[in-house]
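*Asks:* Please work out how this folds:
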Amino acid sequence: FFYCIGVWSIIHHIPNVDLTQHEVIAVVLLFYAGWCLTRGANLQKYWFKRNPELPTCFFGLIHQTPVRPESRILCSGFWGLSRHINYFGEITQAIAIALPGYFVSGSFVPFLYPLYYVALFIPRAQDDGKICAAKYGQEWDEYIEHVPYKIVPFVY
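*Replies:* Residues are numbered from 1 along each chain as shown. Below is the predicted model:
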């Protein structure tokens, strides 16, 4: 239901109203930035779980630093920006998908899709924090000191 909500306002827009070249470029770049955050974070986590002894990933571009030397919690690279940077990437992609509908129609209905993700991810991040605190204990507290932001770097 929510995946296609951004298209509804495009389907019902006034004829001969289209996106400008700048709007298209901005939407594509925003979507790609969100995709890079989501996919990059998940790939970094995958490689760290698979080879925790490797000091870097992505051809040496990102250093993999755990909270402690023996830790299984990353606090560098994508995971040094926020504890759920992949959620931020998903929300960013959803905003990019909503923008064309807004640009064409001026309707805020397409933003129900990213709002759905915000409503989904904030409670999930809180639940994950409780689960990880119980699982990792003091190590989780150290991680929170290194990475204070839950989803949006430097904001939340």
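*Asks:* Assign a three-state SS to the residue lying closest to residue 82 once chain neighbours are set aside, would you?
*Replies:* Distances taken as CB to CB, 6 or more residues apart in numbering put residue 149 closest to residue 82, at 4.1 Å, once the chain neighbours are dropped. The C-beta positions use only the backbone N, C-alpha and C, and glycine is treated the same way. The three-state label given to residue 149 by DSSP: H, G, I helix; E, B strand; the rest coil is coil.
*Asks:* my guess is residue 149 meets residue 81, correct?
*Replies:* Yes - in this structure residue 149 lies within contact range of residue 81 using CB atoms under 8 Å: 7.2 Å.
*Asks:* in this protein, which spans are helices?
*Replies:* Using DSSP state H, the helices of the chain run over 5-11, 21-50, 85-105, 112-136, 138-146.
*Asks:* which one of the ones you listed is the most hemmed in?
*Replies:* helix 85-105 (a mean of 22; mean count of other CB atoms under 10 Å).
*Asks:* the inter-axis angle of that one versus helix 21-50?
*Replies:* Angle of helix 85-105 versus helix 21-50, following axes from the mean of the first three to the mean of the last three CA atoms, to 10 degrees, is 160 degrees.
*Asks:* Going by contacts, tell me the helices and strands next to helix 85-105.
*Replies:* Counting contacts by 3 or more CB pairs under 8 Å, 6 or more residues apart in numbering; DSSP states H and E, helix 85-105 is packed against helix 5-11, helix 21-50, helix 112-136.
*Asks:* Many thanks, I have nothing further to ask.
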